[in-house]
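Got a predicted structure here, sequence first:
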Number of protein chains: 2
Amino acid sequence: MKRISLNTENHVSEILIGETRLNISNYIPDGKVVIITDDNVGKLYGNEFPPFPVLSFKPGEESKNLKTIEFLAEGVLRSGLDRKGFIIGIGGGVVCDIAGFLASVYMRGINFGFVSSTLLSQVDASVGGKNGVNIGLVKNAIGSFNQPEFVICDISMLNSLPEDEYYSGLAELIKMGIILDNGLLDEIEKNREAILKRDNSILEYLVTRSVMLKAKIVTEDERESGRRMILNFGHTFGHVIETSGNQKHGFAVASGMVIAAGISELEGALGKTDVKSIINLLKSFNLIKKYDIPP
Amino acid sequence: MKRISLNTENHVSEILIGETRLNISNYIPDGKVVIITDDNVGKLYGNEFPPFPVLSFKPGEESKNLKTIEFLAEGVLRSGLDRKGFIIGIGGGVVCDIAGFLASVYMRGINFGFVSSTLLSQVDASVGGKNGVNIGLVKNAIGSFNQPEFVICDISMLNSLPEDEYYSGLAELIKMGIILDNGLLDEIEKNREAILKRDNSILEYLVTRSVMLKAKIVTEDERESGRRMILNFGHTFGHVIETSGNQKHGFAVASGMVIAAGISELEGALGKTDVKSIINLLKSFNLIKKYDIPP
């Protein structure tokens, strides 16, 4: 297990990579606790959850709205959580976004932690303290910056991911390599076979390397006023593709990166060979799908 | 006009007592702005608002919910506000609670300011950075601690308040006197006639004195972990009375203070004469109504 401390103003968040969900009780403070998850994760892992009330919602982006927040808040109130209560989110990016936002505003803010179950959320969504829900088609229109007490990145849970969900996370991992760490890209290329087989030790290594990169940037710029915006590489077009089609986040971001790389080449910021090798790497993991961009 | 600076971590909030709403443009930063108000305030003062898009909702506590937040967020998105946008809440406590919460979570938080139009909100709700909405009958179950850039307490707007709304604010003013400042209580007693006539200069004096008391406490304990809890005097039973009957906040708090004072007398924390003079003062402003407390 690797432990990475993420320091932001007045707060330390512990990212535990390779820790197992079964050890979660070691990280929960005394007092009342509620678990928030989605129906998929609940079905797969619910029988191993620690003995606290569980609130579950329909999986997927379409649950990321204020109606879900209201439904969950009612449930948390029924469980009697006060300001000293604690919320655990167990699941992928959507669960972490929703549970993190709920905890940030419930009783004007209580503490929370995550068990991150998807590659995308281990690499991206669960680290950095951005949470929120959508308003209509506008992603994360309502939300907050707020760090969890801990994030358990349980690598073994990645074995149960559907194919497209797993590849979607790989795209985000490749993005981190492109913008921040050529060495990470080399490792991804070199270990292609092991990655496709979901080898847990190479995945633990790659997630750790990616989280360290992200933690550094978030520590410097929690509220995304400067350097943190680099993490949005591929997301401008990616969000458009994701919203207008039915593509998973990572695939949309992969296509967005191809477009962004093309623009960077036109502007002279990236060389022709760099752009080609980015596209080839994304293609080697089958990350480029057909997409539409509305006018 | 009096200017009180409220300092909390990394932030200064300016409370401007006796400033007029007509000068609001002096305090608004460059960029896109949206005004949030309720239908009553919009009807009375809308023609004097600065030329920005206005979003208005039904007045009263029953609007303090996530549905209103969603409706307003949609409107603010339509107006094209980004992270550099600014929200102005113009109205009483409910408007400030809702507008402050929306601004705190819109795009993960944008800046905001208030024009506070009721005595209750000038004395209490608009100062201190507590905002939020209700979940079912649970008041402020969802919300945040977040300071506005400025609060304009326009004393002349108090002239247009309905009787019960005005008296409701007086109860909160008396509460501040009881818990923190006997001199304030003396001033309230001495100026009873002028207060009933809503004399603007005595009101400016009393609001200023009360805001200074509250600012001191909020500065010491923004997140209500210790000393700030003293401000909840009368609110434990008050909230029960307010929720179970149809009483305005101030009247419910007045009755709550009588109960709390009685308990303090039983426990020896308050003398018999103190309790009598509290009850007499509240009665002299007709603040004690019949109430029910459910078992």
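Perfect, I can see it now. Numbers count the residues shown, from 1 in each chain, chains lettered A, B, ... in the order given.

I'd like to know how far the residue in the stretch 151-295 of chain A positioned nearest to chain B sits from residue B:13.
Residue nearest to chain B within the stretch 151-295 of chain A: residue A:223 (7.8 Å; C-beta to the nearest C-beta). For the C-beta atoms, the positions are set from N, CA and C on the backbone; glycine is no exception. Look at residue A:223 and residue B:13: by C-beta to C-beta, to the nearest Å, they are 19 Å apart.

These two: which has the busier surroundings?
Between residue A:223 and residue B:13, counted using other C-beta atoms under 10 Å in any protein chain shown, the more crowded position is residue B:13 (23 against 15).

Next to chain B, which bits of chain A? Give me the list.
With C-beta under 8 Å from any C-beta of the partner chain as the criterion, chain A meets chain B at residues A:9-10, A:66-67, A:69-70, A:73-74, A:77, A:101, A:104-109, A:130, A:132, A:135-136, A:138, A:140-145, A:223.

please redo it, this time with the cut-off set to 6 Å
Residues of chain A found near chain B (C-beta under 6 Å from any C-beta of the partner chain) are A:66, A:70, A:73-74, A:77, A:105, A:108, A:135, A:138, A:141-145.

which of those residues are buried?
Those of these that meet the buried threshold are A:66, A:70, A:73, A:77, A:105, A:108, A:135, A:141, A:142, A:143, A:144, A:145, by 16 or more other C-beta atoms under 10 Å in any protein chain shown.

Can you tell me which of those is closest to residue A:37?
Using C-beta to C-beta, residue A:73 comes nearest to residue A:37 of these, at 15.9 Å.

Which strands and helices lie in contact with whichever helix or strand the closest one is part of?
Assigned by DSSP states H and E, residue A:73 falls within helix A:66-78. For helix A:66-78, the elements it packs on are strand A:54-57, helix A:93-105, helix B:66-78, strand B:138-145, judged by 3 or more C-beta pairs under 6 Å, 6 or more residues apart in numbering or on different chains; DSSP states H and E.

just the helices in the stretch 151-295 of chain A please.
In the stretch 151-295 of chain A, the segments counted as helices under DSSP state H, counting those that start in this stretch are A:163-180, A:182-190, A:192-196, A:200-220, A:235-244, A:249-266, A:272-284.

Give me the contact list for the second one.
By that I understand helix A:182-190. Applying C-beta atoms under 6 Å, 6 or more residues apart in numbering or on different chains, the contact partners of helix A:182-190 are A:177, A:209.

swap in the first one?
Under the criterion C-beta under 6 Å, 6+ apart, residues A:118-120, A:123-124, A:184-185, A:210, A:213, A:230, A:233-234, A:248-251, A:253-254, A:278, A:285, A:287 lie in contact with helix A:163-180.

Now do the same contact list for the residue of the stretch 151-295 of chain A closest to chain B.
For residue A:223, the contact set (C-beta under 6 Å, 6+ apart) comprises residue A:145.

For it, report the pLDDT, please.
On the pLDDT scale, residue A:223 is placed at 76.

For it, give its distance to residue A:108.
19 Å.

same thing with residue A:82?
Note on residue A:82: its distance to residue A:108, by C-beta to C-beta, is 11 Å.

count of residues packed around residue A:226?
By other C-beta under 10 Å, 10 other residues sit near residue A:226.

Now do the helix holding residue A:73: distance to the chain's middle.
What separates the centre of helix A:66-78 from the centre of its chain is 22 Å, taken as C-alpha atoms, centre = their mean, to the nearest Å.

and what of stretch A:204-218?
Relative to its chain's centre, stretch A:204-218 lies at 12 Å (C-alpha atoms, centre = their mean).

Quick check: buried residues in stretch A:222-241?
Residues of stretch A:222-241 classed as buried: A:222, A:224, A:228, A:231-235, A:237-241 (neighbour count, 16+ other C-beta under 10 Å).

again with stretch A:190-209
Of the residues in stretch A:190-209, A:191, A:195, A:198, A:202, A:203, A:204, A:205, A:206, A:207, A:208, A:209 count as buried by neighbour count, 16+ other C-beta under 10 Å.

again, but for stretch A:240-258
Neighbour-count burial for stretch A:240-258 [16+ other C-beta under 10 Å]: A:240-243, A:245, A:247-258.

Next, the angle helix A:249-266 makes with the lowest-mean-pLDDT helix or strand in chain A.
Least confident element among the helices and strands of chain A, by mean pLDDT, DSSP states H and E: helix A:235-244 (a mean of 79). Inter-element angle recorded for helix A:235-244 and helix A:249-266: 140 degrees (by axes from the mean of the first three to the mean of the last three C-alpha atoms, to 10 degrees).

which secondary structure elements does helix A:235-244 contact?
When contacts are defined as 3+ C-beta pairs under 6 Å, 6+ apart, helix A:235-244 packs onto helix A:249-266.

quick one: the helix it packs on to helix A:93-105, angle?
With the same axes, to 10 degrees defining the directions, helix A:249-266 sits at 90 degrees from helix A:93-105.

Just give me how far helix A:249-266 sits from the chain centre.
19 Å.

Report the contact partners of residue A:123.
Contacts of residue A:123 (C-beta under 6 Å, 6+ apart): A:169, A:172, A:173, A:210.

For the second one, grab the count of nearby residues.
In other words, residue A:172. Neighbour number of residue A:172 under other C-beta under 10 Å is 25.

name the element the closest residue to residue A:218 other than its chain neighbours belongs to?
Sequence neighbours aside, residue A:128 is the residue nearest to residue A:218 in space, at 4.5 Å (criterion: C-beta to C-beta, 6 or more residues apart in numbering or on different chains). Using DSSP H and E, residue A:128 sits in no helix or strand.

wait, residue A:128 sits on residue A:220?
No: applying C-beta atoms under 6 Å as the test, residue A:128 and residue A:220 come out as separate, 11.6 Å apart.

between these two, which one's more packed in?
Neighbour count, other C-beta under 10 Å: between residue A:128 and residue A:220, residue A:128 has more, with 25 against 11.
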